[in-house]
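Colleague: give me the fold of what follows.
(2 chains)
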Amino acid sequence: MTVTANTLGTASRTSFYEGRGFTAAMIHPYAASCGFSFGMQNAGSWPITTRLADWRAIGADGREVPFRLPEEWDADWERLGIPQAARIAFRWAQFQSENTFEPGDWIMGMAVLKGVPATPLRLVTRYRDNKGDHEIVLDRLTCAQD
Amino acid sequence: MTAMPANQPAPALRLNDDDGKAVDLAQHGGKVVLVNFWASWCPPCRKEFPSLGRVRKLFKPSEFEVLAVNVGEEPDSAFSFTGITDFPVLFDRDSKAMAAWGVRGLPTTFLVDRKGNVAYRANGGREFDDPDIVSAIRQLLKS
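Modeller: Sure, this is the predicted structure:
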């Protein structure tokens, strides 16, 4: 299993989602959150499952910060009357709350934290395969400064 | 691609192409059909898209087809990326087809066999003219 994480800035996310039908004001709460673009690939021989709710950012002060799930954002978008096409694009650009992927499969998506951890932070990603539960820790990450 | 359990009928798929003409998976009964769910804003979708045309050219139209299902976009947006293709590009504007097929991310691709069963599935991008995938299609054509 391989996991990559790239820090996402406010400007790049604002631009991306404006292209999908959001206004800058609508997407600002999301775009201004500490966020990453994740990629995961199953290079093994067994299916793997992962739940974003099990992942954590651990700040330099030891405080744990969970991710805000796509469903929570979608509930906000529905309440705000965001157009359906924009909501669909948003939903599928996210790292999904639950993923099952077979050998050779890979997934990508964006996710944001519920708070701002003290940096540098560690990202603890968790997954399960036929042998049980595992963690991959990505170290010395930061939130974007823009 | 991952082999699926046997005798799993493909969900219905009937969507409009960019000319507004309805295209139905059922019209392609007897063929092997590659069904690809994608969006132009999805980087791995963009990367693999040319390989859909390449694999399409390896087989006769009477035996194999590609259906590229765009999710959530306007035809103009999709066309600005795809240009003219040799295969139908269909529009799942409300993502209901995506839900019916159990798609949980983009891109996701299926191979449907000649009897209309889902034979293979891939989550994430592929190069569809990869020898292993071409071999899988050839095997499906024999059965």
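
Colleague: which strands and helices lie in contact with the lowest-mean-pLDDT helix or strand in chain B?
Modeller: When each helix and strand of chain B is scored by mean pLDDT, DSSP states H and E, helix B:75-82 comes last, with a mean of 92. Applying 3 or more Cβ pairs under 8 Å, 6 or more residues apart in numbering or on different chains; DSSP states H and E, one finds that helix B:75-82 contacts helix B:43-57, strand B:89-92. Where C-beta positions appear, they are placed from N, C-alpha and C, glycine not excepted.

Colleague: looking at these, which is buried most?
Modeller: Comparing the helices and strands packed on helix B:75-82 by mean neighbour count (mean count of other Cβ atoms under 10 Å in any protein chain shown), strand B:89-92 ranks first with a mean of 24.

Colleague: and the next helix or strand past it?
Modeller: Per DSSP states H and E, the first helix or strand lying C-terminal to strand B:89-92 is helix B:96-100.

Colleague: what residues does that following helix touch?
Modeller: Contacts with helix B:96-100, where a contact means Cβ atoms under 8 Å, 6 or more residues apart in numbering or on different chains, come from A:W92, B:P11, B:A12, B:L13, B:L15, B:F37, B:V69, B:V71, B:D92.

Colleague: tell me the contacts of residue 105?
Modeller: Went with chain A since none was named. Taking Cβ under 8 Å, 6+ apart, we find A:D105 in contact with A:Q41, A:N42, B:T2, B:A122, B:N123, B:G124.

Colleague: ah, I was thinking of chain B
Modeller: So B:G105 contacts A:W92, A:Q96, A:N99, A:I107, A:M108, A:G109, B:N123, B:G124 (Cβ under 8 Å, 6+ apart).

Colleague: which ChimeraX command selects the buried ones in those?
Modeller: If you want just the buried ones from those in ChimeraX, going by 16 or more other Cβ atoms under 10 Å in any protein chain shown, the selection is:
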select /A:92,96,99,107,108,109 /B:123,124
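
Colleague: which single one of the contacts of B:G105 is nearest to A:A86?
Modeller: When these are compared for distance to A:A86 (Cβ to Cβ), A:W92 wins out at 11.5 Å.

Colleague: phi, psi of that closest one?
Modeller: phi -90, psi -10 (degrees, to the nearest 10).

Colleague: now B:D19. Its backbone dihedrals?
Modeller: According to degrees, to the nearest 10, B:D19 has phi -100, psi 0.

Colleague: could you do A:A11 as well?
Modeller: Dihedral angles for A:A11 - degrees, to the nearest 10 - are phi -60, psi -40.

Colleague: from A:T23, how far off is it?
Modeller: Distance, A:A11 to A:T23, using Cβ to Cβ, to the nearest Å: 15 Å.

Colleague: equivalent analysis for A:R56, please.
Modeller: Noted for A:R56: a distance of 32 Å to A:T23, by Cβ to Cβ.

Colleague: for the helix or strand of chain A with the lowest mean pLDDT, name the packing helices and strands.
Modeller: Using mean pLDDT, DSSP H and E, the weakest-scoring helix or strand in chain A turns out to be strand A:98-101, at a mean of 91. Counting by 3+ Cβ pairs under 8 Å, 6+ apart, the packing neighbours recorded for strand A:98-101 are strand A:48-51.

Colleague: for B:A119, list the residues it contacts.
Modeller: Shown in contact with B:A119 (Cβ under 8 Å, 6+ apart): B:A3, B:M4, B:L111, B:V112, B:D113, B:A136, B:L140.
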